[in-house]
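K.L.:
Give me a 3D structure for the following:
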Amino acid sequence: MDRITPTRRPDGRPAGTQRWRNLLFLHWAVDPEELRGLVPASLELDPLEVEGRGPEFYVGVVPFRMHQIRPSWWPHAWAFNFLECNVRTYVHHQGEPGVYFFSLDANSRLAVMAARLGWSLPYYYARMSEDMPDGAIRYRVDRGGASLDVRYRVDSRLPESGPETEEFFFLERYLLFTERRGQLLRGQVYHTPYPAYSAEVLHVDESLLAAAGVSVEGAPAYVHYSPGVDVEVFSLARLDRA
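P.N.:
Numbers count the residues shown, from 1 in each chain. Down below sits the predicted model:
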């Protein structure tokens, strides 16, 4: 598995730029047999390998803010902002590790339409909010039948993550895989490594995973936070399924 090459900036001009802010990464362990039935057969599941334990498979819920979103040809003055929350798992294609999205919620109808048409990603419009009562961050998603309500506090800065660390496995993902009319596609982003922090979840109530067909129990096994990164987004490329 080559986890380093995808972190490097690809050649050429990006299709657009974005700023990702206030990212919370919540991860639960999941049954790989259940997960296998939800992921396209052309993709392999990518397990977390921890010394002394067998391979473990995870799903993530990642709520955050999207700032200054614009295609490369779009004027800076017209860039727009919205909240987004994605539900994802970790896969690879021929040794290239990335993410596969089960859903992405946004409180911008324009963002949902553009991402569905241009990127073939499963975006949904939802009512969403983020605020900070009592010094804790509260983030809410309500799609109607699928929701998230989480309160958390940010703790201490974590050391820079190397490729062998859990933080690198969960956070440093630069490739996404999706399908369009049966064709497997790969997208790529570029940004500097995430500044990562530990975080304490004070409350979490979610049904986004169940809506995606994923069964989990209890509190998330891993929780990370990042204040954010500035991102270049590159166009989708067709992939050979073999």
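K.L.:
Quick one: find the helix or strand in this protein with the lowest mean pLDDT.
P.N.:
Using mean pLDDT, DSSP states H and E, helix 109-119 stands out as the lowest-scoring helix or strand of the chain, at a mean of 92.
K.L.:
Tell me where the chain has helices.
P.N.:
Secondary structure of the chain by DSSP state H: the helices cover 32-36, 109-119, 166-171, 208-211.
K.L.:
among those helices, which is nearest residue 100?
P.N.:
helix 32-36 (9.7 Å; Cβ to Cβ). No exception for glycine: its C-beta is placed from N, CA and C like everyone else's.
K.L.:
in the protein, which ranges drop under the pLDDT threshold?
P.N.:
241-242 (pLDDT under 70).
K.L.:
tell me the strands in it, going along the chain?
P.N.:
Using DSSP state E, the strands of the chain run over 16-29, 44-45, 58-71, 80-93, 96-106, 123-125, 127-131, 137-142, 147-157, 175-180, 183-190, 197-206, 222-238.
K.L.:
Can you list the buried residues in the last one?
P.N.:
When you say that, I think you mean strand 222-238. Buried positions in strand 222-238, judged by neighbour count with 16 or more other Cβ atoms under 10 Å: 222-226, 228-229, 231-236.
K.L.:
Can you name the two of those residues that sit furthest apart?
P.N.:
Most distant of the buried residues of strand 222-238, by Cβ to Cβ, are 223 and 235, 32.8 Å apart.
K.L.:
so what's residue 224 up against?
P.N.:
Going by Cβ atoms under 8 Å, 6 or more residues apart in numbering, residue 224 touches 24-25, 158, 167, 170-171, 196-199.
K.L.:
right, I mislabeled it, should have said residue 165
P.N.:
By Cβ under 8 Å, 6+ apart, residue 165 has no neighbours at all.
K.L.:
do residue 166 as well
P.N.:
Applying Cβ under 8 Å, 6+ apart, the residues contacting residue 166 are 48, 50, 222.
K.L.:
ok, so what distance separates it from residue 136?
P.N.:
To residue 136, residue 166 is 24 Å away according to Cβ to Cβ, to the nearest Å.
K.L.:
what does residue 161 give?
P.N.:
For residue 161 relative to residue 136 (Cβ to Cβ), the value is 25 Å.
K.L.:
for residue 78, same thing?
P.N.:
Distance from residue 78 to residue 136, by Cβ to Cβ: 34 Å.
K.L.:
So the two - more neighbours on which side?
P.N.:
residue 136 (16 against 8; other Cβ atoms under 10 Å).
K.L.:
Now do the same contact list for the more buried one.
P.N.:
So residue 136 contacts 151-153, 202 (Cβ under 8 Å, 6+ apart).
K.L.:
Now for residue 23, how many residues are close by?
P.N.:
19.
K.L.:
Over to the one 10 residues further on?
P.N.:
Each residue near residue 33 was counted by other Cβ under 10 Å, and the total is 8.
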